Every structure is written in structure tokens, then in C-alpha cells.
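**Student:** Pasted the sequence and its predicted model underneath.
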Amino acid sequence: MIRIIFSNLSVGLVLLAASSMASASPDDGSNKGKKLVYEIKASEPSLNRRVTGPVVVEVDGVPAEPVDSFVWDGNGSTVIKGKARVEVDTISNQGEIRAEWEDENGHWTYHQTLFMPPPHPVGLRIGSSASHTTLIKGDPVINNVYLHGDSKAAGPVVPTEFNLLATWGPAEITHNGQSFDNPFDGPVPLWAGHTMTTVGVRGEDGVVRNTDGSVYSMATASRGAVDNDDLEFHLVFHDMPGPMTANMPPPLSFFYHLTFEKVKIEIRQKSE
């Protein structure tokens, strides 16, 4: 069994370990009886959310539209209290994610035990050379890939970022102790959940920047800046894409977005 532990204080070791660990396909027979378990503990979150006009849609009193859930300029990125824990096996795609936090809208919990891939590619991975890349599809728990920016894996809502781990799947949400049901996609009350454990994207001021220091936007996806000496844990939940709205991102009616700045990761590789 191989066991590796690191945190924000050892990001260089994170990237070295990530690049050296194998990522064999789960369906080629070579991973039978193997596990690669990621355990992530995160704290010190910020809520990235700003109401941008008169509210026209609410869910349980929480503004749904018009809301900017990326606030690249930092206006609307607010430090809150909370914590999250992830424990998943990247080979079997099994595990659990729990989070709880308290913000201006109340007390929240997030719980996920089922993992399902999104309709878009889940990551860009470098192959045998820097000029050989592969877009990964259909994997709901993926490690060591690039996402967002101009990677063509997911939308350009943040700069191109290296992901040690990314997950997708239905999540159960509570708000002030009551089930917070999804009214847009019924009859199933669950939300589309997504987490990422990445290099740093937001500065201490909450701003997402380009390499020249200007504020990031989707129009500058090829120039987004990241901090390779930092780690962040991102957690979002939302409805499925539908009609265009006044939100950012626009094809969603409700979007909630947290970024945790203190991250500790343990990776356990073993064969049964």
C-alpha cells in the first residue's frame, strides 16, 4: 500500500505525486482488485455569489435569478464558516462527500454518495508527449486532468486549472435543517453536484486574474492565471442546463458555488 499526505504547505509534492501515479482506465482489466482512495479535508470557505438585480426567482427564500456565481472581480466572494470532506475511490467511482457551511442565506449541508458523469468531457490529460493530449469522457471521478479555461473540458468559467480530483453526481442539500429540493428538474429533488481539488484560482482578495493582472473573463480563457503553489477545493450544486437566464452561468436557473482555501489530501493506493 502507498500512502501520501499533503496540504497547501506542500503543493510541490502534490504535483509531483500526481504526475507519478498511474491513471489506468477502469475498464481495461488491469485495475481489478485495486483501489486509489483520495481523502480530502477542506475548510476556510468563501461563498462566490452576487445578486445582480431585482430578484425574479427564489428557492426557499434564496435568490436564484439574477445571480453571478463566479464574481471574477471578487465583488461577492465572501468568507464564511464551513468544512468539507471527500473520500472516494477513483477506480470504482465509489465514496462519499459531505460538507456543511453557514452563510448569509442560513445553514447548509451537502451529501453525495452516487457519482455520474456530466454530458461534457471531464478533463484534458497530457499523454506520451506535451503535444499529445486526450479529452476524457464518461468518468464521474477523475484524477490528474486539466479542466475549464481553454481545455475544451467543461466551460471557460475559470482559468485552465490542474485538478488532482474532480467529481460529478447527484447531491442532497439541506437548508436550515430542511430538505432543499430542486424545483427545476423534478420530480427528483436532488441537485447536480460537482467538486474540484485544484491549484489556486482565486487570490486572497477573491479575484480571478489573467496572467497580465487584469480580471479574468470567459473571453480571456487562454490567458487565465493560476497559483501552482496553492490548493483549493471547489464545491458547486445547480439544476440541469435549461433555458437561458440572467445568471452567470446563463443556462442554469440556480447555482451555488463555494471555494475552500485550506486543503489537506491523503492518497491511499492498495490492492485487495
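**Tutor:** Looks like it came in fine.
**Student:** Select the longest strand from the chain.
**Tutor:** Using DSSP state E to define each element, the chain has its longest strand at strand 255-271.
**Student:** name the helices or strands packed onto that strand?
**Tutor:** strand 2-7, strand 34-48, strand 81-89, strand 227-238 (3 or more CB pairs under 8 Å, 6 or more residues apart in numbering; DSSP states H and E). In short, each C-beta sits where N, CA and C put it, glycine included.
**Student:** List just the one of those strands that sits closest to Y256.
**Tutor:** strand 227-238 (5.3 Å; CB to CB).
**Student:** Starting from that closest one, tell me which strands it pairs with and how they run.
**Tutor:** Sheet pairing for strand 227-238, assigned by DSSP bridges, gives strand 191-200 (antiparallel), strand 255-271 (antiparallel).
**Student:** hey, which of those is tucked in deepest?
**Tutor:** Highest mean neighbour count among the strands paired with strand 227-238 (mean count of other CB atoms under 10 Å): strand 191-200, with a mean of 23.
**Student:** now the angle from that one to strand 34-48?
**Tutor:** For strand 191-200 against strand 34-48, the angle by axes from the mean of the first three to the mean of the last three CA atoms, to 10 degrees is 90 degrees.
**Student:** and strand 191-200, how far out from the chain's middle?
**Tutor:** Chain-centre distance of strand 191-200: 1 Å, with CA atoms, centre = their mean, to the nearest Å.
**Student:** so it versus strand 81-89, what angle?
**Tutor:** Angle between the axes of strand 191-200 and strand 81-89 is 100 degrees (criterion: the same axes, to 10 degrees).
**Student:** Please name the residues that touch the residue nearest to V157 when sequence neighbours are not counted.
**Tutor:** In this structure, V157 finds its nearest non-sequential neighbour in F70, 5.5 Å apart by CB to CB, 6 or more residues apart in numbering. Contacts for F70 (CB atoms under 8 Å, 6 or more residues apart in numbering) come out as 48, 157-158, 208, 248-249, 257.
**Student:** Look up how far V188 lies from F70.
**Tutor:** 26 Å (CB to CB, to the nearest Å).
**Student:** For the helix or strand where W101 lies, buried residues please.
**Tutor:** Element membership of W101, judged by DSSP states H and E, is strand 94-103. For strand 94-103, burial by neighbour count (16 or more other CB atoms under 10 Å) applies to 95, 97, 99, 101, 103.
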